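Peer 1: just the structure for this:
(chains A and B)
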2 protein chains.
Amino acid sequence: MSYFKHHVFFCCNQREPGETCCNALGASEMQAYAKDRIGQLKMKGQGKVRINKAGCLDRCDEGPVMVVYPEAVWYTYVDKEDVEEIIQEHLIGGKIVERLKI
Amino acid sequence: MSYFKHHVFFCCNQREPGETCCNALGASEMQAYAKDRIGQLKMKGQGKVRINKAGCLDRCDEGPVMVVYPEAVWYTYVDKEDVEEIIQEHLIGGKIVERLKI
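Peer 2: Below you'll find the predicted structure:
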């Protein structure tokens, strides 16, 4: 069994100004939002959920991106509403959010 | 199927001097070593291997730690020999390195 039920990594890579990167599209802010929400919802910890920052996940053209393991589901997102939908539907409900999946 | 066959995250969290953290135990250096080796071995890319840095993976007392997804296998390591063994046995050979598993 996986140590975390859902282990989420947000690509928070920052490139030079003008270059495509997830962080220029709000990744760190969205990661912080997700982390805070998981805390508020008491979903944090072993057997539950972990929200992490990661370096470049190498899917820059599809960014901003995040991946949920061990199920290996990748998402893109635009704003907090998208991140909240992933939290509610996937991390709580166990249902993949098809419209944001990449 | 997982976008990366093996997606490896090294905890590279750095805490204040004196506090336990993976980075004080050589995590960034070992992540760089693994990344270089995967490049040399032509194992980098979609369908193959990705080596990433991550923030705190919340297993500080067992650190330094890394996790391999989607199989959700966690390892600790001491030096490059340990990291090389994980590369050869697990990432190339598909066999879990039981002596380093946590």
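Peer 1: correct me, but A:Arg59 touches A:Asn13?
Peer 2: No - between A:Arg59 and A:Asn13 there is no contact under C-beta atoms under 8 Å: 10.5 Å. For glycine as for every other residue, the C-beta is placed from the backbone atoms N, C-alpha and C.
Peer 1: of the two, who's got more company?
Peer 2: A:Asn13 (25 against 19; other C-beta atoms under 10 Å in any protein chain shown).
Peer 1: the nearest residue to the more buried one once chain neighbours are set aside: which element?
Peer 2: Among residues not flanking A:Asn13 along the chain, A:Cys56 sits closest, at 3.8 Å (C-beta to C-beta, 6 or more residues apart in numbering or on different chains). Under DSSP states H and E, no helix or strand contains A:Cys56.
Peer 1: who are the contact partners of A:Cys56?
Peer 2: Counting by C-beta atoms under 8 Å, 6 or more residues apart in numbering or on different chains, A:Cys56 touches A:Cys11, A:Asn13, A:Cys21, A:Cys22, B:Asn52.
Peer 1: which of the residues you listed sit farthest apart?
Peer 2: For the contacts of A:Cys56, with distances taken as C-beta to C-beta, the pair at the greatest spread is A:Cys21 and B:Asn52 (14.4 Å).
Peer 1: looking at the two, which is more packed in?
Peer 2: Per other C-beta under 10 Å, whichever of A:Cys21 and B:Asn52 has more neighbours is B:Asn52, with 24 against 19.
Peer 1: appreciated, that's everything.
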